[in-house]
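1. Just the structure for this:
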Amino acid sequence: MNSPADSASDDPQLELNKAIDATAKAFMVAHVSDDDGQLAQALVLNAGRIAWRLREKGLEQDTKTSISDVVTNADHAAERFIATVLEGIRAEDGIVGEEGARTNSTSGRNWVIDPVDGTYNFASGSDYWCSALALVRGAADDPDEIITAAVHRPAMGYTWFSGAGLHTTRDGDELAAINNRSLGTACVGTYLHPTCMADEATRSAWHAVLSKAATLRMFGAGSVDLASVADGTLHAWMQHSVPAWDWLPGKALVEGAGGTTATQVAGGVRWHIAGNEQTVAEIVEILKGTNND
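-> Model prediction:
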């Protein structure tokens, strides 16, 4: 008969948690003196590596709100790693993680975590996913300031970074300033879930904007999309009902590259928009117009 200790050692989840906690402890020793920006970049880099390695070993997968809204053991492991580190060396700060990590803030600051953004892509073997986080002052869903933000895309090896008063970088190099252009000459990143296409008001608002763009892309990882707006790969981005962990890291990157962001209610939902000032203004005006139709 197996002893309780033997049974525990045969529990794959328990063993994974132990491995993640050991990795987090080693990370804390190496990074305890990091400033917020250095810490943010190191956290997303290592979270992405953890997720990548777990995918190579084979994922355990479940669904959340729909068949395409998936979560894996890699999402949970990467979030556990980040949360464990922050609880150890930023104990006064709060944590808001997509997969449920929560601690209250006593400093007025909160770390907003998306351990794997684009999980459907990730679980399907695509390289279009990332790890992302933002440190904010104030409430996570309506912060007073984004102090720092980082996004790491493991497949490309890119880490984008920005923050209050900083110019956005990719792998340490400052990005060129985002230039103005019209919506009619812009490539717009977007996403509209198939279930939303059945809602006439939402679909009509979305179509009113995107039908006027030069072209569009739907890749399914908002923080990679927004980082791509920051570095000029895309010219603008638009999606509705975006949670804080999908919005704040990329918002900081776009603004730090000289772009702008906005929100606008239309079609019964709140749209989040990012890009160059001219294109964003055009999108906002089109959405406002749909409210009068």
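2. At which residues are the helices of the stretch 51-200 of the chain located?
-> Taking DSSP state H, counting those that start in this stretch as the test, the helices found in the stretch 51-200 of the chain are 73-89, 119-123, 200-210.
3. Which of those sits closest to Ser66?
-> helix 119-123 (9.9 Å; Cβ to Cβ). To be clear about C-beta, it is placed using only N, CA and C from the backbone, and glycine gets the same treatment.
4. List the buried residues of the closest one.
-> 119-123 (16 or more other Cβ atoms under 10 Å).
5. what ranges do the strands span in the stretch 101-250 of the chain?
-> 102-103, 109-117, 130-139, 142-153, 158-163, 169-170, 173-174, 187-190, 215-217, 236-240 (DSSP state E, counting those that start in this stretch).
6. In its sheet, which strands sit next to the fourth one, and in what direction?
-> Read it as strand 142-153. strand 130-139 (antiparallel), strand 158-163 (antiparallel) (DSSP bridges).
7. Give me whichever of those is most buried.
-> Highest mean neighbour count of the strands paired with strand 142-153: strand 130-139, a mean of 26 (counted as mean count of other Cβ atoms under 10 Å).
8. quick revisit: how about a markdown table for the strands paired with strand 142-153, with distance to Thr215 and mean pLDDT added?
-> Shown next, in a markdown table, are the strands paired with strand 142-153 (distance: least, Cβ to Cβ, whole Å; pLDDT from 0 to 100):
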| stretch | distance to Thr215 | mean pLDDT |
| --- | --- | --- |
| strand 130-139 | 23 | 98 |
| strand 158-163 | 23 | 97 |
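9. Compare these and give me the one nearest Leu210.
-> Closest approach to Leu210 among those (Cβ to Cβ): strand 130-139, 23.4 Å.
10. would you put the C-alpha positions of that closest one in PDB?
-> The C-alpha trace of strand 130-139 is given here as PDB (Å, rounded to 0.1, in the frame of the first residue of the first chain):
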ATOM      1  CA  CYS A 130       2.100  36.200 -25.300                       C
ATOM      2  CA  SER A 131       2.500  36.800 -21.600                       C
ATOM      3  CA  ALA A 132       1.500  40.300 -20.400                       C
ATOM      4  CA  LEU A 133       1.200  42.400 -17.300                       C
ATOM      5  CA  ALA A 134       0.800  46.000 -16.100                       C
ATOM      6  CA  LEU A 135       1.500  47.700 -12.800                       C
ATOM      7  CA  VAL A 136      -1.100  50.400 -12.200                       C
ATOM      8  CA  ARG A 137      -1.800  53.000  -9.500                       C
ATOM      9  CA  GLY A 138      -5.400  52.700  -8.400                       C
ATOM     10  CA  ALA A 139      -8.100  50.200  -9.200                       C
END
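11. got the angle between that strand and helix 73-89?
-> 40 degrees (axes from the mean of the first three to the mean of the last three Cα atoms, to 10 degrees).
12. Can you pull out the low-pLDDT segments for the stretch 151-293 of the chain?
-> The stretch 151-293 of the chain contains residues with pLDDT under 70 at 293.
13. same deal with the stretch 1-150 of the chain?
-> 1-9, 64, 67.
14. how near is the residue lying closest to Thr185 once chain neighbours are set aside to Val188?
-> When the adjacent residues along the chain are set aside, Thr185 lies closest to Ala214, with 5.2 Å between them (Cβ to Cβ, 6 or more residues apart in numbering). Separation of Ala214 from Val188 (Cβ to Cβ, to the nearest Å): 8 Å.
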